[in-house]
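Asks: below are the sequence and a predicted model; questions follow.
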Amino acid sequence: MSGVDRDKMRLSGRGVACVRGGREVFAGLDFAAVAGEAVAVTGRNGSGKTSLLRLIAGLLVPAGGTIALEGGDDELTLPEQCHYLGHRDALKPALSVAENLSFWADFLGGERFDFAGSLATVGLAHATHLPAGFLSAGQRRRLSLARLLTVRRPIWLLDEPTNALDVTGQDMFGGLMRDHLSRGGLIVAATHAPLGIETRELRIGGVT
Amino acid sequence: MTLIDLANPTRFLALTARVLPWLAAATVLLLAIGLYQAALAPDDYQQGATVKIMFIHVPNAWLSMFVWGVMSIASLGTLVWRHPLADVAAKAAAPIGAAFTFLALLTGSLWGRPMWGTYWEWDARLTSVLILFLMYLGLMALWRAVDDPSRAARAAAVLTLVGALNLPIIKFSVDWWNTLHQPASVMRMGGSALDKSFLIPLLVMAIAFTLLFVTLHLAAMRNEILRRRVRSLQMMQASRVAFSSEIGPGARGQNASNEVGAA
Amino acid sequence: MTALAALIRRDVRIALRVGGGALIGVLFFLTVVVLMPFAVGPDLALLSRLGPAILWLGALLASLLTLDRLFMADHEDGSLDLITMSRTPLELACAAKALAHWLAAGLPLIVATPVLGLLLNLDMVATGAVALTLLAGTPALTFTGMIGAALAVTLHRGGLLMAVLVLPLSIPVLIFGVAASQAVIVGPMTFGAPFSILCALSLVSLVIGPFAAAASLRHGLD
């Protein structure tokens, strides 16, 4: 993706509406984020933070409005340029840490970075050959983070990313996000807790 | 030496390490004697040399039921006495029992081939053994389905005991079903009127195979204990905070053995 | 291609590991086939006449019941979201998953067939014919069953509902599979005609299955 001019990358939504289970979660939502910027989506429970991330990831279809990415890789769709880190870790307990990570690296494709290095960064180098089922919740989250490092994608969609991470884990993750932003990446995170990096807040949920 | 002594897996490992070579040697010796005597035994006037399959078939058939008995006692140990090695014993016995049952089926069908003209006849005895074989496989599948052995242990123990209660009922039903369909029994395996020249080698073989089971079972239990140690070591390694100071290997081994005891 | 190969490798690996269900399907097949004589009686002549039908029914039930969790497990742990978002078309990913399932759960059924043929008093030729028809027909069962597995994710319900949805779809496969095996044993038809139709059914399902499953997964995501 060397041909992409990251500085001009801009993710925007115009009049986005989300309806789930017959209930309107939000409507007429406008947002924009440019490369190098982190957006923190806040709002009370049920205001649609997760839904917004899933809309951007293409996992939900908007009931109205559009979401577009300008200045990204023209050959790829928006979801294909996103990393989605949801509540669930997408890990198989029967496979080892290395097998889990190398599967996602192979399957997601694109540029592949040294994954031993990624595992060391997230603090799992000692567990490479252990089954993922032996990991604690925080370690599973760390392994999911290693996926974001092994396969490079410009947009990170993070849903409560610091859940289950301890203080050192949150520091480590803050560093990773700063690195990502400095390389011209873009972060949209749904969160209650401060992320430990400079963010622009997008508050949703005026709807009753 | 009491059961309490054996309750400590470390002591169990040390003890079995000393006993196993002797057991293996005794097994080989008895098997050799038994096979030699079996080879010397006269041919049957009706069945000819094929009758000698009996010397393998009968001990295997005996063990197929004996092993389920061992597992039932081990299951009681898991559920009632909460003996720490009970589920190790139960788990280790299942594949060995299945193997003996399979051999009983195989030798039975080879024996039946000249009698029936086919390898398989839905004969009451063979059919019962076949159902027993399926139950062994089911039990093994249960052990395999759950990753954590201590969680699988209770489920397997209940299933084993239910199986032990059900086996006579199944046997009775199959006998009834079989006689309903074919009143005349095709052949009688190991009838009671056995000549002494058959009986002695048969007894020797039965003892030899029982010893073989004990040897294999102890070895399999050792493997299972070691496997669980590896598992708990791995879990400890996983939970070790990254970059923290190393724990001494001795201390870790000690902890692991305690965990196996608790498992 | 590496993406699909990685997916197949992962699914086969999980199926064969502790906790995986690959061999339980074979055990189920074995049990169902062993149950039949208790229902119809131990008459060997009758059993050998019913043999192909019994084996086919057993294989049908075994391959459908193991399909239940084809997508469910990936849905529950979030992997399905990432698979949907990837550059690999969802149709191909579905096909790869079904192929992996067939390798881990369908192929062992065919390997077990000769042993079961022995129990049902089928001769060598008849056993070979049944195994061959299963080899040609079980991919069709897997690939049509996959549609039900995808619907099960969409509806958040698996098990019996899926069986009820999928069993009618597998009737043609059953008809021609048994017909081809019977043709070898008793005639009067030739083996070729029903066998060719069986192969055609498999090929059609190879195309339809992934598309239907992917469509149902796409609409069912939430």
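Replies: All right, it came through fine. Bear in mind that the values here come from a model prediction, so they are computed numbers and not experimental data.
Asks: list the helices and strands the worst-scoring helix or strand of chain C on mean pLDDT packs on?
Replies: When each helix and strand of chain C is scored by mean pLDDT, DSSP states H and E, helix C:160-166 comes last, with a mean of 81. When contacts are defined as 3 or more C-beta pairs under 8 Å, 6 or more residues apart in numbering or on different chains; DSSP states H and E, helix C:160-166 packs onto helix C:44-67, helix C:124-155. Placement of C-beta: from N, CA and C, glycine included.
Asks: single out the most deeply packed of these.
Replies: Sort those by mean neighbour count, taking mean count of other C-beta atoms under 10 Å in any protein chain shown, and helix C:124-155 sits at the top with a mean of 24.
Asks: elements contacting that one?
Replies: Counting by 3+ C-beta pairs under 8 Å, 6+ apart, helix C:124-155 packs on helix C:44-67, helix C:72-76, helix C:90-101, helix C:107-119, helix C:160-166, helix C:171-185, helix C:192-220.
Asks: of the ones you listed, which is nearest A:Ala105?
Replies: helix C:90-101 (15.9 Å; C-beta to C-beta).
Asks: where does the chain have low pLDDT?
Replies: Using chain A. By pLDDT under 70, the weakly predicted segments of chain A are A:1-7, A:110-113, A:206-208.
Asks: chain C, not that one
Replies: In chain C (pLDDT under 70), the answer is C:1, C:19-20, C:158, C:187, C:221-222.
Asks: residue 21: neighbouring residues, count only.
Replies: With no chain named, the answer covers chain A. 6 (other C-beta atoms under 10 Å in any protein chain shown).
Asks: other chain: chain B
Replies: With other C-beta under 10 Å as criterion, B:Pro21 counts 10.
Asks: who are the neighbours in contact with it?
Replies: With contacts defined as C-beta atoms under 8 Å, 6 or more residues apart in numbering or on different chains, B:Pro21 has no neighbours.
Asks: packing partners of the top helix by length along chain A?
Replies: Determined from DSSP state H, the single longest helix within chain A is helix A:167-182. Packing partners of helix A:167-182 (3+ C-beta pairs under 8 Å, 6+ apart): helix A:137-150, strand A:186-190.
Asks: who touches that helix?
Replies: A:36-38, A:121-123, A:138, A:141-142, A:145, A:148-149, A:156, A:161-162, A:165, A:187, A:195-197.
Asks: near chain B, from the residues you listed?
Replies: A:Gly123 (C-beta under 8 Å from any C-beta of the partner chain).
Asks: and the gap between the residue at the greatest distance from the centre of chain C and B:Leu126?
Replies: No residue in chain C sits farther from the centre than C:Asp43, which is 29.0 Å out by C-alpha atoms, centre = their mean. As judged by C-beta to C-beta, to the nearest Å, C:Asp43 and B:Leu126 stand 16 Å apart.
Asks: going by residue numbers, what spans are helices in chain A?
Replies: A:49-56, A:97-108, A:115-121, A:137-150, A:167-182.
Asks: find the centremost residue of chain A, please.
Replies: A:Leu157 (2.6 Å).
Asks: that residue against A:Leu186, yeah?
Replies: No - the criterion here is C-beta atoms under 8 Å, and A:Leu157 misses it with A:Leu186 at 9.6 Å.
Asks: residue of chain A with the smallest distance to chain C?
Replies: Going by C-beta to the nearest C-beta, chain C is nearest to A:Arg88 of chain A, at 3.0 Å.
Asks: can you pull the contacts of that residue?
Replies: C:Glu76, C:Asp77, C:Gly78, C:Asp81.
Asks: for the first one, which non-adjacent residue is closest in space?
Replies: The shortest distance from C:Glu76 to any residue that is not its chain neighbour, by C-beta to C-beta, 6 or more residues apart in numbering or on different chains, is 7.4 Å, and that residue is A:Arg88.
Asks: distance check, that neighbour against B:Val88.
Replies: 35 Å.
Asks: equivalent analysis for C:Val186, please.
Replies: C:Val186 is 53 Å from B:Val88, by C-beta to C-beta.
Asks: looking at the two, which is more packed in?
Replies: Applying other C-beta under 10 Å to C:Val186 and B:Val88 shows that B:Val88 carries more neighbours, namely 27 against 12.
Asks: that one - that's part of a helix, no?
Replies: Yes - checked against DSSP: H, G, I helix; E, B strand; the rest coil, B:Val88 lies within a helix.
Asks: so what's it up against?
Replies: Contacts of B:Val88 (C-beta under 8 Å, 6+ apart): B:Pro9, B:Met221, B:Glu224, B:Ile225, B:Arg228.
Asks: 6 Å instead?
Replies: B:Met221, B:Glu224, B:Ile225 (C-beta atoms under 6 Å, 6 or more residues apart in numbering or on different chains).
Asks: tell me the pLDDT of it.
Replies: B:Val88 is assigned a predicted lDDT (pLDDT) of 88.
Asks: gap between it and chain A?
Replies: According to C-beta to the nearest C-beta, to the nearest Å, B:Val88 stands 20 Å off from chain A.
Asks: enumerate the residues of chain C near chain B.
Replies: C:Val18, C:Gly19, C:Ile24, C:Leu27, C:Thr31, C:Pro37, C:Gly41, C:Pro42, C:Leu118, C:Leu119, C:Asn121 (C-beta under 6 Å from any C-beta of the partner chain).
Asks: so the last one touches C:Arg49, yeah?
Replies: No - taking C-beta atoms under 6 Å as the contact criterion, C:Asn121 and C:Arg49 are not neighbours in contact, 9.4 Å apart.
Asks: just checking, what packs against the helix or strand C:Ala3 falls within?
Replies: In this structure, C:Ala3 sits in helix C:2-16 according to DSSP states H and E. Using 3 or more C-beta pairs under 6 Å, 6 or more residues apart in numbering or on different chains; DSSP states H and E, the elements in contact with helix C:2-16 are helix A:97-108, helix C:90-101.
Asks: and these: which comes nearest A:Gly22?
Replies: helix C:90-101 (25.9 Å).
Asks: please see if the closest one touches chain A.
Replies: No - Helix C:90-101 lies apart from chain A when judged by C-beta under 6 Å from any C-beta; the minimum separation is 8.4 Å.
Asks: okay, the angle between that helix and helix C:124-155?
Replies: Here the directions of helix C:90-101 and helix C:124-155 differ by 140 degrees (axes from the mean of the first three to the mean of the last three C-alpha atoms, to 10 degrees).
Asks: list the contacts of helix C:90-101.
Replies: C:4, C:7-8, C:11-12, C:70, C:83-84, C:142-143, C:146, C:210-211, C:213-214.
Asks: from the chain's centroid, how far away is it?
Replies: Mean C-alpha position of helix C:90-101 versus that of the full chain (C-alpha atoms, centre = their mean, to the nearest Å) differs by 14 Å.
Asks: what angle separates it from helix A:97-108?
Replies: 140 degrees.
Asks: Throw the helices and strands packed on helix A:167-182 into JSON lines and include mean neighbour count, thanks.
Replies: Output for the helices and strands packed on helix A:167-182, formatted as JSON lines (neighbours: other C-beta atoms under 10 Å in any protein chain shown):
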{"stretch": "helix A:137-150", "mean neighbour count": "22"}
{"stretch": "strand A:186-190", "mean neighbour count": "25"}
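Asks: under a three-state scheme, what state does the closest residue to chain B within chain C occupy?
Replies: Nearest to chain B, among the residues of chain C, is C:Pro42, at 3.2 Å (C-beta to the nearest C-beta). Recorded secondary structure, C:Pro42: coil (three-state DSSP).
Asks: how many neighbours does it have?
Replies: Neighbours of C:Pro42 (other C-beta under 10 Å): 20.
Asks: again with C:Pro210
Replies: Neighbour tally, C:Pro210, other C-beta under 10 Å: 25.
Asks: which ones are touching it?
Replies: Taking C-beta under 6 Å, 6+ apart, one finds C:Glu91, C:Cys94, C:Ala95 in contact with C:Pro210.
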